[in-house]
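1. take a look and give me a structure for this.
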Amino acid sequence: MERTENRLKSFLLVGVQFLCLGVLLVTGPLLPGGWAERALVAVGLGLAVWALVTMSPRSLTAFPDVRPDGVLATNGPYRYIRHPMYTAVLLLTLGLVMEHLSRARAFVWLMLAVNLWVKLTYEETLLAQRYADYPAYKAGTARLIPFLL
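-> Modelled structure (predicted):
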C-alpha cells in the first residue's frame, strides 16, 4: 500500500510541475528580450546542462523516486547544490515570467516553486533511506542556492 501511495505522490508532484511549466511556456514569449531576463534564462540553462552532464544517466528521472541502480551525484554542481536541476528550472522560468509579468504568471511560478520545494523535500527523504552517506552530503551542501537555501 505504501508503494502505491508513494507512486501516486510522485506522479502528482511531477504532474503539477509539468502543468505549471506548460502554462508558463504557452502564456508568454519563449525568448526574453530584456538583459536581466536573458541572464536568468542563460544561467538556468547553463546550470541544467552542467547538472545533466554531471549526473549518471541511470539516476536521471523527472520523478523524485530513487532508482535502484542510481548513483548519488556529489560532483559538478552537486558539490554546492543538492538540487541544481530544480534551481535551474526556477531560474529559467523566473526569467520567462519577468519578461511577460502578470499576476497569473507570477502565481503559477510561485505554485511551481512550492511544488518543487515539496518534491525535493520528499526526494531527500527517499535519498536518505537509499544512501547511507546522504546525511553527511546534505550537511555540507545547500538545497537550492549556495550559502542561502
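2. buried stuff in stretch 100-110?
-> The neighbour-count check on stretch 100-110 (16 or more other C-beta atoms under 10 Å) flags Arg105, Val108, Trp109 as buried. (Glycine included, C-beta is placed from N, CA and C.)
3. ok, the nearest residue in space to Phe18 that is not next to it in sequence - contacts?
-> Once flanking residues are discounted, Phe18 sits nearest to Ala62: 7.9 Å by C-beta to C-beta, 6 or more residues apart in numbering. By C-beta atoms under 8 Å, 6 or more residues apart in numbering, the contact set of Ala62 is Val14, Gln17, Phe18.
4. are any of those residues buried, and if so which?
-> Buried among these by 16+ other C-beta under 10 Å: Val14, Gln17.
5. which of the contacts of Ala62 lies closest to Val66?
-> Val14 (14.4 Å; C-beta to C-beta).
6. where's that closest one, which helix or strand?
-> Val14 belongs to helix 2-26 when assigned by DSSP states H and E.
7. residues contacting the following helix or strand past that helix, please?
-> Downstream of helix 2-26, the next assigned helix or strand under DSSP H and E is helix 35-54. Around helix 35-54, the neighbours that count as contacts under C-beta under 8 Å, 6+ apart are 31-32, 60, 73, 75-78, 84-85, 87-96, 98-99.
8. before we move on, what about stretch 141-149?
-> Contacts for stretch 141-149 (C-beta under 8 Å, 6+ apart): Tyr78, Arg79, Tyr80, Ile81, Arg82, His83, Tyr86, Thr87, Leu90, Leu120.
9. mind listing what's buried in that stretch?
-> Neighbour counts over stretch 141-149 (16+ other C-beta under 10 Å) mark Thr141, Arg143, Leu144 as buried.
10. ditto for stretch 115-129
-> Going by neighbour count (16+ other C-beta under 10 Å), the buried part of stretch 115-129 is Asn115, Leu116, Trp117, Val118, Lys119, Leu120, Tyr122, Glu123, Glu124, Leu126, Leu127.
11. fine, thanks again, bye for now.
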